[in-house]
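Asker: compute the structure for the input listed below.
(2 chains)
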Amino acid sequence: MNVKTEPLAINMGPLHPSTHGVFRMLAVLDGEVIVDLEPVFGYLHRGIEKLAEEKTYKQVIPLTDRLDYVSSMSNNLVYVLAVEKLAGIEVPERAQHIRVIMAELQRIASHLMAIGTWANDLGTFFTPFMYMFREREKIIDLFEMVSGQRLLYNYLRFGGLSHDLPDEFLPAVRKLLKVMPGYLNEYEELLKENEIVLARSMGIGVLPEELAINASASGPVLRGSGVKWDIRKVDPYSLYQHFDFDIPTGITGDSYDRYRVRLEEIRQSLHIIDQATQDLPAGEVKSKVPLNLRPPRGEAYSHIEAPRGELGCYVVSDGSTNPYRFHIRAPSLINLTCLKDMVMGLKIADAIVTFGSIDICMAEVDR
Amino acid sequence: MSRPNFGIPKGLLVTLKNIIRHPVTVQYPDERLVISRRARGTDIIWNKNTCIACRACERACPTKAISIDVSRGEDKKLKVDRFQIDFGTCIACGLCVESCPVEDALYMSYSYERAVYRREDLISSDDELLPGEGKQPSGYAHPEVEKTLTLQTLLLDKDREDSQ
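Answerer: The predicted structure follows:
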């Protein structure tokens, strides 16, 4: 029987439990099939880029924490790298190593949350999520130990770090490296072959390789589509060229592939941390930087491989104590623009799965 | 799908294993974990006697939460008339404590409970910023204090009990 239906526009969000923040999907449905989708964002706009223009260079560091609050350390890093490039500040080797350890720990914490919430969106209600949060908590404990706070670390400074590592940090990291693979195997057993997970995510939300490149997607979204692109390899920063690691890639570019890429990246991150802690050089963690930093006139752009993709920071200096212009290239925003092409023709429930697999942070999208 | 359906029983085994695992949460107000020795707590502790009235903390504050009135005394030395912090706008970033040129004038606190009934109660000045009941200096930017505090409880240490 051919049932005649009329297109129905529904608003999912801005306060929908699966939107990971304040995000609205204006979906036009034919029955249960999505025929059009418009992402609406801007609900969390705080004007951070403008706000940064009236703060001194150092005062912007706590602001960058608040861009993507799930991975504050990466945001600190990209801003600090940009200003160091602008002012020509050297960073001691020990500080560089610690930055790598922090960035990779942050990647693990962020990916655990990404996989957990994605599994939640699939309908595996809170079981894997809680297991992953338990492990994320262990990493957050480490961040609290070094920086004094659990989420907004404000730990990196121009020319190094705010403080050296406490004595009890390295034994704790070694212990984490020892227990983590066991937990990762546990997640795999839980999700990898689960028939419901496979049925809900395989072939859902496919992002073709060509479109991923054209839309300048980055991070696990791009790598899930089979493109071997990682800023840590392509344009190494903070001594990443000295560490040995692989870039995991997917094949089809569906939601399941993106999950696989994230899980594999956690293993690679553990491998990097292992190398970085083994030959951690002694010495200073902070080079001499003037109290009131006035970088020379000019501009600088730095980019890093943040957990969500290529995070860029553009700083323009007019020679005063405040940045003249501060801009963030947010990977979440650019990955989110692929959403419409990924969900066209799918069921409305699959849109949630696809959206979860992009792993965005609305605070970073809206800034 | 043609594959044998063992995925769900396998997952159930994982949940079964986790049932007998130790709990990771604690019963909060009765049972408390020790926070980081460098904790950036919700209070700032100011020492009236050692402060040299240089206003470096006021300039370092990104949210302008600190306001200081300074005047010259009869011996031509700077002294602080009023030192006020609005904890409603303070983001506990710790930049003020880091910028302080004096060894023992400004500390982040080691406390984390600061709920009040009125917004005005969040504004503290002068003597209210002294250390007191439940307001202990933390080791943030003060390594000598850091050594005296108890070690932070880590969830990782609980992993001893199960054989991973």
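
Asker: how about the strands in the chain?
Answerer: With no chain named, the answer covers chain A. A:8-12, A:24-30, A:33-40, A:156-157, A:160-161, A:298-306, A:309-317, A:323-329 (DSSP state E).

Asker: if you could check chain B rather than the one you did, that'd help
Answerer: B:44-46, B:66-72, B:78-86, B:106-108, B:123-125.

Asker: so which bits of the second one are buried?
Answerer: Judged by neighbour count using 16 or more other Cβ atoms under 10 Å in any protein chain shown, the buried positions of strand B:66-72 are B:66, B:68. Heads up, the C-betas are built off the backbone N, CA and C, glycines and all.

Asker: tell me which other helices or strands it touches.
Answerer: helix B:56-60, strand B:78-86 (3 or more Cβ pairs under 8 Å, 6 or more residues apart in numbering or on different chains; DSSP states H and E).

Asker: please apply the same query to the last one.
Answerer: Judged by 3+ Cβ pairs under 8 Å, 6+ apart, strand B:123-125 is in contact with strand B:78-86.

Asker: helices or strands up against the strand it packs on?
Answerer: strand B:44-46, strand B:66-72, strand B:123-125.

Asker: tabulate those (JSON lines), appending mean pLDDT and distance to A:Leu156.
Answerer: Output for the helices and strands packed on strand B:78-86, formatted as JSON lines (pLDDT from 0 to 100; distance: least, Cβ to Cβ, whole Å):
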{"stretch": "strand B:44-46", "mean pLDDT": "88", "distance to A:Leu156": "22"}
{"stretch": "strand B:66-72", "mean pLDDT": "86", "distance to A:Leu156": "23"}
{"stretch": "strand B:123-125", "mean pLDDT": "85", "distance to A:Leu156": "30"}
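
Asker: would you turn these into TSV with distance to A:Asp254?
Answerer: Shown next, in TSV, are the helices and strands packed on strand B:78-86 (distance: least, Cβ to Cβ, whole Å):
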stretch	distance to A:Asp254
strand B:44-46	50
strand B:66-72	52
strand B:123-125	54
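
Asker: and A:Leu198, which of those strands is closest to it?
Answerer: strand B:44-46 (52.8 Å; Cβ to Cβ).

Asker: touching the closest one from outside, list them.
Answerer: For strand B:44-46, the surrounding residues in contact (Cβ atoms under 8 Å, 6 or more residues apart in numbering or on different chains) are B:83, B:85, B:87, B:90, B:96-97, B:105-109, B:129-131, B:135, B:137.

Asker: among these, pick out the one closest to A:Val146, please.
Answerer: Among the contacts of strand B:44-46, and counting by Cβ to Cβ, the member closest to A:Val146 is B:Met108, at 14.5 Å.

Asker: surely that closest one touches B:Leu95?
Answerer: No - with contact defined as Cβ atoms under 8 Å, B:Met108 does not count as touching B:Leu95 (10.5 Å).

Asker: compare the two (neighbour count), which wins?
Answerer: Comparing B:Met108 with B:Leu95 by neighbour count (other Cβ atoms under 10 Å in any protein chain shown), the higher total belongs to B:Met108, at 28 against 25.

Asker: circling back: dump the strands of chain B to a markdown table, plus distance to A:Val221.
Answerer: Below are these laid out as a markdown table (distance: least, Cβ to Cβ, whole Å):
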| stretch | distance to A:Val221 |
| --- | --- |
| strand B:44-46 | 42 |
| strand B:66-72 | 43 |
| strand B:78-86 | 42 |
| strand B:106-108 | 39 |
| strand B:123-125 | 46 |
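
Asker: do you know how far the closest residue to A:Ile334 other than its chain neighbours is from A:Asp341?
Answerer: In space, and not counting its chain neighbours, A:Ile334 is closest to A:Ser216: 5.8 Å by Cβ to Cβ, 6 or more residues apart in numbering or on different chains. For A:Ser216, the distance to A:Asp341 (Cβ to Cβ, to the nearest Å) stands at 13 Å.
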